[in-house]
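Visitor: Let me see the structure of the following:
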Amino acid sequence: MLVKIDTYFDGEFWCARGVNEDIFTQGATYDELLKNIKEAVALHFEDEFKKSKSANDIFTRVSLWNNISKEELIKIL
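Guide: Model (predicted):
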């Protein structure tokens with residue numbers, strides 16, 4: 001599964017929302033936003049991750065455009 005995220009600056013914060021998933025996050029800087037996107041995606045799929053037999057199961061199904069690594073996903077969860 002590919003998680004598509006739209007990002008934009010609302011005049012105060014950098015914002016991100018999932019195109020086909022109910023995901024939203026924001027950050028004061030773009031770098032903070034990227035960090036928050038990784039966390040938001042990991043949290044969104046947390047239950048699915050727990051049901052999976054291994055981290056590889058979910059990681060092969062969840063791809064984030066800014067190259068979140070399996071190790072980063074595991075740290076977040």
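
Visitor: Could you measure from the nearest residue to residue 20 once chain neighbours are set aside over to residue 50?
Guide: Leaving aside its sequence neighbours, residue 20 sits nearest to residue 4 (Cβ to Cβ, 6 or more residues apart in numbering; 6.4 Å). In short, each C-beta sits where N, CA and C put it, glycine included. Distance of residue 4 to residue 50, computed by Cβ to Cβ, to the nearest Å: 24 Å.

Visitor: now swap in residue 22 and tell me
Guide: 18 Å.

Visitor: between residue 4 and residue 50, who's got more neighbours?
Guide: Shown here are residue 4 and residue 50; by other Cβ atoms under 10 Å, residue 4 has more neighbours (13 against 9).

Visitor: isn't the more buried one right up against residue 17?
Guide: No. Counting by Cβ atoms under 8 Å, residue 4 does not reach residue 17; the two are 9.9 Å apart.

Visitor: Tell me which residues touch residue 29, please.
Guide: Shown in contact with residue 29 (Cβ atoms under 8 Å, 6 or more residues apart in numbering): residue 14.

Visitor: Also residue 27?
Guide: Applying Cβ under 8 Å, 6+ apart, the residues near residue 27 are 13, 14, 33, 34, 35, 36.

Visitor: out of those residues, which is most surrounded?
Guide: Counting by other Cβ under 10 Å, top hit in those: residue 33 with 23 neighbours.
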